[in-house]
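Student: next input, structure requested:
(2 chains)
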Amino acid sequence: MCGIVGSIGRGNETVEVLMNGLRSLEYRGYDSAGIALGPEMTVLRRSGELDSLSEVVDTTEPTGSYGIGHTRWSTHGPPTDNNAHPHTDENSLVAVVHNGIIENYAELKAELQEAGVTFTSDTDTEVVPHLIAQAVAAGDDPETAFHNTVDRLKGSYAIAVIIDGSETIFAARQGSPLVVGVGDDCTYLASDVPAFVDHTRDAVFLEDGHRVIATTGGYTVLDGERNPVEVDVETVSYTAEATGKSGYNHYMLKEIHEQPTALRQCFSGRADVFDGTITLEEIDEIPQPNAVQFVACGTSYHAALYGAAILREMGIPAEAYLASEYALSPPPLSLGTLVVGITQSGETADTLAALRDANGRGVSTLALTNTVNSTAARECDHAVYIRAGPEIGVAATKTFSSQLVGCNLLAEELVDGPRDLRPLIESLRNLPDDVQSILDSSTAEALVEEYGDSEAYFFIGRGTNVAVALEGALKCKEISYEHAEGFPAGELKHGPLALVTPDTPVFAVVTGDDERAQKTLGNIKEVQARGAPVIAVTDGESDAAEIADETLMIPEMSERAAPVLANVQLQLFSYYLADALGRSIDKPRNLAKSVTVE
Amino acid sequence: MSDTSTPEASRPTSAVVLAAGEGIRLRPLTSNQPKPMLPAGTRPILEYVLNALIDAGVDNLHLVVGYQANRVRSHFGSTYRDVSITYHTQETQLGSGHALFQARNGPSGSFLLVNGDQIIDHRIVEAVAAAHTDATATLAVVEGPEAVNYGAVDLDGDEITELIEQPATGEFRLFNAGVYAFTQQIFETLATLSVDRGELPLTDAIEQLITATDHTVGGVRTDHFWMDATHPWDLLSLSRELLSRGWVDVPAVDTDIYVDDTAHVHPDATLVGPVVVDSDVIIEAGAVVGPYAAIGESTTVGSGSVLRDVVIDTDTTIGPNTTAIELVIGQGCDISAALTAEGGPADVVLGEQVYSDVDLSGVIADRVDIGGSVTVEPGALIGPGATIGAGVIVRGQIDAGSEVVR
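Tutor: Numbers count the residues shown, from 1 in each chain, chains lettered A, B, ... in the order given. From the prediction side, this is the model:
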């Protein structure tokens, strides 16, 4: 949940810096937002999107020379004004913003309540300001009070604190992301780089256990023992471009249209076309694993299903696991197994927990991610980047396509043995233009007029197209809020077929003309017999287009590349469906882009 | 000149770029992208336009987009060379005046206006910006042997006294180069113009300003380079000109030879300058590419192929042993082995008009699929998505999506 920001050293521009920072972190949550400003200890917070806070800021014109801010995705307590951050102690002498979960908050809260403290929110966070205030009241100086309090917290958190009478921002990182932006005579703190990239590109990526003391004179990073640590200042290559919609109505549509470029970037320089070889320099040295276990959530899990399927075809035992299940009921592991976490942000808490579990058991781990320097990239033994560029829309689009290409590159790099990869290289090279051809000519928008008020939408496919069916359904439900389900086509008759009616269009993903395609044609007839209209997403190789009621055509492509193309058609359908229904496409209700809680 | 020029501080630094038009005379190349996105060498024409503006000190760009707008948006995004871009949409293409009017809430104060489909030297922009002082509008004026799209002008000192839309040949020798500076007045004038003719050209508004007593229209003479592509074959001469001038945004590896570091050129292939090979291109063994060859991003040139005087857009695959001279190829084509296109001169039919003695082998639009050993007869125009069977001899015009077999 949540994004946090902090700024010190910007004088009366502080409010603007904090608000713009929060704006760029809205992808992390948008249930409520707030800021706290020193030295006056002014706190403003509102439920709802950042715009509600903006209105309050515009009317009350608060001032301050340093401060912290927060945009929230609810975990503990509903999105109300009272549950919005920053949280304060009873006398508003301490203000705290927090991303993550304090696991022992119930115990701490009980102790504080016993001591007579009154809580005003349902959040886990509120224990922090009360603990600090208690310590300050008992005579600790602000910094000691901060350290002593952080020492008592269990769980995952990135917190930032301001304390009355101390012109300082105190911050700590444990399990949730926190980055320091190093400016001239000023210091920024944020959950992610875009929050301060307009001001500085020099950043310190904190590690777990690090604490930061930032004043107008600069910043110090300390470890958990309160000893100063040497940190590297890195120059990040982010551009402000990440924050613009380039004239598109939604980030999602922009990112759908960016897929040709994203796919080019993912593939560029990673194949030798004359030798027919694929090389990922980052992991050139790793030996072929005995088995591969993928861990991922949401859209990335669908990419993992695809990755596991292609590795199995190459003779490597491979499975995809939902990360939220993996750490709690881990499958058997042998030492020669490689555990691959797929996470766009590299910060997905469930995936990090699964990777940490695997690390703890002594096997090699690899992060397939879009975010350089993310926690997953740093904590795993290896990292492979999909180079899709920043993705702001909460519903993943271009990063899924790039993950699929990334899975191909990863599989070819991992598996030894001579083989001619020229056909695969050719199809991956053709992919950007094939995606472009769909963007140029898709008829998905027209289908919305015909089927836009259906009761539910089903998506079926076999083989690697199962991943496409599941992803098509997830995209549809995420942004249109309509009921949508994806199934392996053969599974339909074992239950879900009971849901199929003339008012439930079925999207059938049929590529090539092999046995899987033929069997899917049989499944198409099953649902047509129940009166459901069928929309075939097909390359025209099989008879799917002739049998189906409607078609979304994709160019003829290799089996590896076809799922990417089929998925683009489904992305467009979901987008136009959600647009026709007037949904909040870039910020669908209840969701956040980077889910940093388990 | 220096004492009459605009003080640095008040010079227009915002620019509006008109990039909404299809460019009908460039069909069939414009089926998927607007004219400003067609290749000049290996990059969209519009990149050169934006480069000229930024090199002339523009720090705020407004793009009016319309036809296939997503292609422009996706290519440039929200910033280009760290200069922010705001997009304005012209839903229907009703002329340049109407296009500019779409950006009325864009720039504040005086601003520059250029066409997104016309390559200009940045010094033309600088000259117009510097000369724009008291006038309501300032135009770049060029001396030339032929009329530009925007008509001839009469210049009295540094004031334009008349626009002549279709001058008789040889009568006037000064032309409007299509680079302007305006005050906000232009939007007010545009708002008053009648739309009864269906289209609203910008020149109507400028004529109003010329005749109005309380406005002046300035002209600034310049002899710097500008170039326009009107017909498909003009892309060949445009590319030639840019390569000769070295206006190529790809690193030079040798004199007149520009190769991106991500391109793969087989050691047994030969590049003959001037030639540009853009990112992720593959040139296979034995190919001879150039002179005057522009090979766009992710294109493949098969072994033993001979290419000169060609412009090939992105993602096209050219099979082995192809001979291509004076050929323009669009995006994503798949051309099998041994295509022969030996060059002009040709008689080309565009719409109703016949153009004689054009130096053109032919035009192959986007995503055309061509079988082995096809011959392109001079002047052939192959529409987008067409499929040409093996051994076919292509003449004249092939419609979009059609299938031709021997």
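
Student: now the helix or strand hosting residue A:256 - C-alpha only, CSV.
Tutor: Using DSSP states H and E, residue A:256 maps to helix A:251-257. Coordinates of each C-alpha in helix A:251-257 appear next as CSV, following Å, rounded to 0.1, in the frame of the first residue of the first chain:
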residue,chain,number,x,y,z
TYR,A,251,-2.1,6.1,-19.4
MET,A,252,-3.4,2.6,-20.2
LEU,A,253,-4.1,3.5,-23.9
LYS,A,254,-0.7,5.3,-24.1
GLU,A,255,1.0,2.2,-22.7
ILE,A,256,-0.9,-0.1,-25.1
HIS,A,257,0.4,2.0,-27.9
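
Student: wait, does that helix contact chain B?
Tutor: Yes. Helix A:251-257 lies within reach of chain B by CB under 8 Å from any CB of the partner chain, at A:254, A:257. To be clear about C-beta, it is placed using only N, CA and C from the backbone, and glycine gets the same treatment.

Student: packing partners of the helix or strand following that helix?
Tutor: Counting by DSSP H and E, the next helix or strand C-terminal to helix A:251-257 is helix A:259-267. Judged by 3 or more CB pairs under 8 Å, 6 or more residues apart in numbering or on different chains; DSSP states H and E, the packing partners of helix A:259-267 are helix A:398-414, helix A:422-441.

Student: let's see that with 10 Å instead.
Tutor: With contacts taken as 3 or more CB pairs under 10 Å, 6 or more residues apart in numbering or on different chains; DSSP states H and E, helix A:259-267 sits against helix A:398-414, helix A:422-441, helix A:562-580, helix B:69-76.

Student: between those helices, which one is nearest to residue A:462?
Tutor: helix A:562-580 (11.3 Å; CB to CB).

Student: tell me the buried residues in that closest one?
Tutor: For helix A:562-580, the neighbour count (16 or more other CB atoms under 10 Å in any protein chain shown) marks A:562-579 as buried.

Student: name the residues of the stretch 151-300 of chain A found near chain B, please.
Tutor: Residues of the stretch 151-300 of chain A lying near chain B by CB under 10 Å from any CB of the partner chain: A:239-248, A:253-261, A:264, A:267-269, A:271-274.

Student: using just helix, strand and coil, how would you label residue A:34?
Tutor: strand (DSSP: H, G, I helix; E, B strand; the rest coil).

Student: next, count neighbours for the residue lying closest to it once chain neighbours are set aside.
Tutor: Spatial nearest neighbour of residue A:34, excluding adjacent residues (CB to CB, 6 or more residues apart in numbering or on different chains): residue A:45 at 2.8 Å. Residue neighbour count, defined by other CB atoms under 10 Å in any protein chain shown, stands at 25 for residue A:45.

Student: show me where the stretch 201-350 of chain B has helices.
Tutor: B:202-211, B:234-245 (DSSP state H, counting those that start in this stretch).

Student: and the shortest one, what does it pack onto?
Tutor: Under the contact criterion of 3+ CB pairs under 10 Å, 6+ apart, helix B:202-211 touches helix B:96-101, strand B:137-143, strand B:152-156, strand B:159-164, strand B:174-182, helix B:185-192, strand B:217-221.

Student: so what are the sheet partners of the worst-scoring helix or strand of chain A on mean pLDDT and their directions?
Tutor: In chain A, no helix or strand scores lower on mean pLDDT, DSSP states H and E than strand A:234-235, which sits at a mean of 84. Strand A:234-235 has the following strand partners under DSSP bridges: strand A:202-205 (antiparallel).

Student: can you get me a residue count around residue B:49?
Tutor: Counted with other CB under 10 Å, the neighbours of residue B:49 add up to 26.

Student: make a markdown table out of the helices and strands packed on helix A:259-267 and add mean pLDDT and distance to residue A:530.
Tutor: Shown next, in a markdown table, are these (pLDDT from 0 to 100; distance: least, CB to CB, whole Å):
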| stretch | mean pLDDT | distance to residue A:530 |
| --- | --- | --- |
| helix A:398-414 | 96 | 30 |
| helix A:422-441 | 94 | 29 |
| helix A:562-580 | 96 | 21 |
| helix B:69-76 | 93 | 38 |
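
Student: get me the contact residues on the stretch 301-406 of chain B for chain A.
Tutor: B:313-317, B:331-334, B:366-367, B:384-385.

Student: run through chain A and note the low-pLDDT ranges.
Tutor: Applying pLDDT under 70 to chain A flags the ranges A:1, A:75, A:237-243, A:594, A:596-597.

Student: against the centre of it, work out the most remote residue.
Tutor: Of all residues in chain A, residue A:139 has its C-alpha farthest from the mean position, at 42.5 Å, by CA atoms, centre = their mean.

Student: pull up the gap between it and chain B, please.
Tutor: Distance, residue A:139 to chain B, using CB to the nearest CB, to the nearest Å: 52 Å.
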